[in-house]
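Asker: I need the structure of the sequence given here:
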Amino acid sequence: MAKKTSKVKYLYDGQNLSVPEIYKRSRKRRGRSKYLLSVEVIVAKDEYESIPARLVYVRNRNKKSEYLVLITTDMELDEKEMIRLYRKCWGIEVFFKFCKSYLKLSKECQGLSYDAMTAHVAIVFTRYMMLSVENRLCVDEHSMGELFYLCSDEMADITWQEGFQKLMQILEEALTKNLDLSKKEVQTILEVFLATLPRIFSIRLRQTA
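Answerer: Residues are numbered from 1 along each chain as shown. I've put the predicted structure just below:
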């Protein structure tokens, strides 16, 4: 993300302009486009070398009157792909911000040993994973944790095992009545039927038969 500051200049249309100045001078896209403006600029690396880049101005969903600015030096990326990639990277930014602010990623360990710093980073990341799992299972209402089981208990008329047991009983009764088979012959047919099923279903059905 590029900062909206007047201190950083980009070469655009033959002039050194800041991000806000480029936005004011350029024509914006109309309608419900994912981005407001896309322009190609030149970033001066030093006195002798410059790099082409693309600035993409995106609507700020939180504040409609404001905008965010993305920048890339990969000119083969189109605007939609830039926005998609940035959304994926944003989760990483939030992760590092959380680790630094709340889990003391940068301040808790002051050692100069590489092994000590590696161990500290691993411990901090493990803390984050534990907190994320706890939040997912106990706080987030969109999770597949407790909410899922509560809904299942309310909707279930019979258990999974009871359902299979009823199916086996119905099949056994149908074979006995309609085909006039003995109990031994019915058991033989059921054994052949169970043997052709996948192993996990065969085991479950044998337990309910």
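Asker: How much space separates the residue most central in space within the chain from residue 50?
Answerer: By CA atoms, centre = their mean, the chain has its centre lying nearest to residue 88, at 8.1 Å. Using CB to CB, to the nearest Å, residue 88 is found at 29 Å from residue 50. In this view, the C-beta of every residue, glycine as well, is placed from N, C-alpha and C.
Asker: Over to residue 85?
Answerer: Distance from residue 85 to residue 50, counting by CB to CB: 24 Å.
Asker: Around residue 57, count how many other residues there are.
Answerer: 23 (other CB atoms under 10 Å).
Asker: Then it would be within a strand, right?
Answerer: Yes. Per DSSP: H, G, I helix; E, B strand; the rest coil, residue 57 lies within a strand segment.
Asker: any idea of the pLDDT on it?
Answerer: Confidence at residue 57, expressed as pLDDT, is 92.
Asker: Might one say that it is in contact with residue 20?
Answerer: No. Between residue 57 and residue 20 there is no contact under CB atoms under 8 Å: 10.2 Å.
Asker: All the helices of this protein, residue numbers only.
Answerer: Residue ranges of the helices in the chain, as given by DSSP state H, are 19-25, 79-102, 114-138, 146-155, 160-178, 183-196, 199-208.
Asker: Of the ones you listed, which stretch is the most buried?
Answerer: With neighbours defined as mean count of other CB atoms under 10 Å, the helices of the chain peak in mean count at helix 19-25, which reaches a mean of 15.
Asker: Determine how far stretch 24-34 lies from the middle of the whole chain.
Answerer: In terms of CA atoms, centre = their mean, to the nearest Å, the centre of stretch 24-34 is found 29 Å from the chain centre.
Asker: Give me the buried positions along that stretch.
Answerer: Buried residues in stretch 24-34, defined by neighbour count with 16 or more other CB atoms under 10 Å: residue 26.
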